[in-house]
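In: Predicted structure and sequence below. I'll ask about it afterward.
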Amino acid sequence: MHSEQSVTVSFSIFKPHEGCNMDDVVAQMVDAAASIEKCSSSSSSSSSDISIYILRSISKNWAAAVAEKRGQKDANPWLNLQEAAAFTKGFSSAVRMVDSGWFEMNCGETKLGFPVFGQKRVGDVVSVRRIYSGGKNQDKLSYCCLALLKSYFTKTKGLHSYTFYDSMDGKRIIGLGKWEGVDAACSALSKPNGCPAEAFWRSLGAKKLKYDVCRVVYASKKD
């Protein structure tokens, strides 16, 4: 398990309003991310340590913006980024944010070398698992995430890396996996007795679960 470095992540999900085009939503998200990184790259502040990724679901009508900051404990990824508000402020009425939160890295494993979530490239396949604990079983669920990685990671074909993040409000966990391709991800995630089985997570106290497979459509050039 890699834990030498504190990693804090902002995770936000966006959808188009009814009658609007998902392609337009993704295009606006990519433009906003590129603009923010262009500004931060010329800054000497800690904002230059931020990496931004845009993930688009391959089967559902949503996309996620992931801002990752490595280093300072409990650092808000957007804290020193003056352009942060511009990420959504410049969006048209076609875009709506349906979920968001701040997360800290709990545990991760990789077959590619450290860091476990960094080094994403456009076209990479990423699975997103969202586990809602309701604020009562966060510690128990977090411990089980570590046990799952030890039990399943090396045995799962096509899985290159996997990271679990705990929400700062104590109500959610997000799991992000990097796969060799869509077929490998879908095959592993659809197994009845696999980690995504709702019965398993609910037995540990999870209130709601969601997962999907995405492609990276924007990735920080600094990585």
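Out: Great, that's in hand. Numbering: from 1, shown residues only.

In: Could you list every helix and strand that the helix or strand hosting residue 165 packs against?
Out: Using DSSP states H and E, residue 165 sits within strand 159-167. Contacting strand 159-167 under the criterion 3 or more Cβ pairs under 8 Å, 6 or more residues apart in numbering; DSSP states H and E are the following elements: strand 6-16, strand 95-110, helix 138-152, strand 172-179. Quick note: C-beta positions are derived from backbone N, CA and C, even for glycine.

In: nearest residue to residue 205 other than its sequence neighbours?
Out: residue 137 (3.2 Å; Cβ to Cβ, 6 or more residues apart in numbering).

In: Tell me the pLDDT of the closest residue to residue 99 other than its chain neighbours.
Out: Counting by Cβ to Cβ, 6+ apart, residue 13 is the residue found nearest to residue 99 once chain neighbours are left out, at 4.3 Å. In this prediction, residue 13 carries a pLDDT score of 90.

In: distance of residue 13 from residue 55?
Out: 9 Å (Cβ to Cβ, to the nearest Å).

In: Pick out whichever of these two has more residues nearby.
Out: Neighbour count, other Cβ atoms under 10 Å: between residue 13 and residue 55, residue 55 has more, with 29 against 19.

In: Report the contact partners of the more buried one.
Out: Under the criterion of Cβ atoms under 8 Å, 6 or more residues apart in numbering, the contact list for residue 55 reads 63, 64, 66, 126, 128, 214, 215, 216, 217.

In: buried stuff in the strand or helix carrying the second one?
Out: Under DSSP H and E, the secondary-structure element containing residue 64 is strand 63-71. Taking 16 or more other Cβ atoms under 10 Å as the neighbour-count basis, strand 63-71 is seen to contain the buried residues 63, 64, 65, 66, 67, 68, 69, 70.

In: I'm done for today, thanks for sticking with me.
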